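Trainee: build me a model:
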Amino acid sequence: MQNFTNGVNLGGWLSQYPRYDHEHFKTFITRPDLEQIAAWGFDHIRLPVDYPVLESDDAPGQYREDGFQYIDACLEWCRAAGLGVVFDLHHAPGYSFNNTLKPETQHLNVLFDQPEAQARFIALWEAIVRRYHNAGIPIIFELLNEVVLPESGPWNALAHKTVAALRAISPDCKIMIGGNHYNAASELKNIARLEDPNVVYTFHFYEPFLFTHQKASWTQVSREFDQTLEYPGFFTGLAEFLRRAPHHREGYAWLVDRPLNRALMREFLVPVFEFIQESGQVPYCGEYGVIDCAPAESRRNWHADLLDIFNQYGIGRAVWSYKGMSFRLVDYAGQVADPLLIQILTRK
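Mentor: Numbers count the residues shown, from 1 in each chain. From the prediction side, this is the model:
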């Protein structure tokens, strides 16, 4: 996909921030960061944005000019650096993937149940597209990050309704739609595709999860397994873990005797290959990566294998994530965490 071959996420800036804080917004990402990204050889960024940057729950429909100004600045920096932008609504009014992780917050996800929440969602997107569809740089509007629903029907309906509204503003802007269950590759087949050449489909890839999220404090299975894994290698300790934790057998028992290698990675990507063959469209991988506490050489090997496969199929992508966020390319002081990984990510 032209201008969107190889990118990096700017997580933690205008989304998943510690608190709503203008000092953070002004300093976490600045022009030199975009210049650095371009100098490394990336051709675009994915810009996750949480709706409170743009709109207050106390005044829905009244958009924050001071929030939009951060995006204005980012797009100007990208224009100067020659970078495209995937504008990702990471947290929408009435929906956040983070709310799905804990029973006590799941009730906050009302977007697919309340017509007024859907109207607000569409109105926000209309404001975004009105402002940026003629931004003068390559830009794709990603409707919503990591939907999680029992089935895909409600999201397909809302996505189609939103696209129709945006087409009244911009008949040919690029719009991106992901599938259910955290943008799983296996859910690409359940996206109700549109007869629209300017709609792009997307998935995320963090497989095998036990490797990419090893020791991650925010996921139950990683906390409980608590095992260092190498790539290539094996799922060391998994059989014993599943004996102690039978509630995880359904998801992970099939991996007990499997080598952790490129062949296994390709198995996880079969739904992507099938989507390409069936639809004739190559989806975009909006997030991929390995937690930065994994062994450094294993982290490099995983990325090298995945990118070889992506290049074979022409799959554009954006690595998670540029700064901090437990998947860092640079630390919070801006220092490069692993120069060899940068070389792997940006080699032609």
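
Trainee: neighbours around H248, how many?
Mentor: 17 (other CB atoms under 10 Å). Any C-beta I mention is one placed from the backbone N, CA and C, and that applies to glycine too.

Trainee: revised request: answer the last question for E65.
Mentor: Look at E65: counted by other CB under 10 Å, it has 9 neighbours.

Trainee: L238 now?
Mentor: 21.

Trainee: how far away is the closest residue to it other than its chain neighbours from L229?
Mentor: The shortest distance from L238 to any non-neighbouring residue, by CB to CB, 6 or more residues apart in numbering, is to V256 (5.3 Å). Look at V256 and L229: by CB to CB, to the nearest Å, they are 13 Å apart.

Trainee: name the residues contacting each of the two.
Mentor: Contact criterion CB atoms under 8 Å, 6 or more residues apart in numbering; residues bridging V256 and L229 by contacting each: F235.

Trainee: looking at these two, which one has more neighbours?
Mentor: Neighbour totals were compared for V256 and L229, and L229 leads with 21 against 14 (other CB under 10 Å).

Trainee: once you drop chain neighbours, what's closest to the more buried one?
Mentor: In this structure, L229 finds its nearest non-sequential neighbour in F211, 4.8 Å apart by CB to CB, 6+ apart.

Trainee: so that neighbour is in which element?
Mentor: Taking DSSP states H and E as the criterion, the element that holds F211 is helix 209-212.

Trainee: again with R300
Mentor: helix 296-313.

Trainee: how far does that helix sit from the chain's center?
Mentor: On the basis of CA atoms, centre = their mean, to the nearest Å, helix 296-313 sits 17 Å off its chain's mean C-alpha point.

Trainee: avg pLDDT for that helix?
Mentor: If you average the pLDDT over helix 296-313, you get 99.

Trainee: can you give me the strands for the stretch 201-348 of the chain?
Mentor: 233-234, 259-260, 284-288, 317-319 (DSSP state E, counting those that start in this stretch).

Trainee: quick one: neighbours of the nearest residue in space to I139 that is not next to it in sequence, just the number.
Mentor: Nearest residue to I139 in three dimensions, chain neighbours excluded: V85, at 4.8 Å (CB to CB, 6+ apart). Applying other CB under 10 Å, we find 25 residues neighbouring V85.

Trainee: could I get the contacting residues of I71?
Mentor: With CB under 8 Å, 6+ apart, I71 has these contacts: 14, 47, 49, 87, 132.

Trainee: what's the helix or strand for the fourth one?
Mentor: To tie it back to what came earlier, the one meant is F87. strand 84-92.
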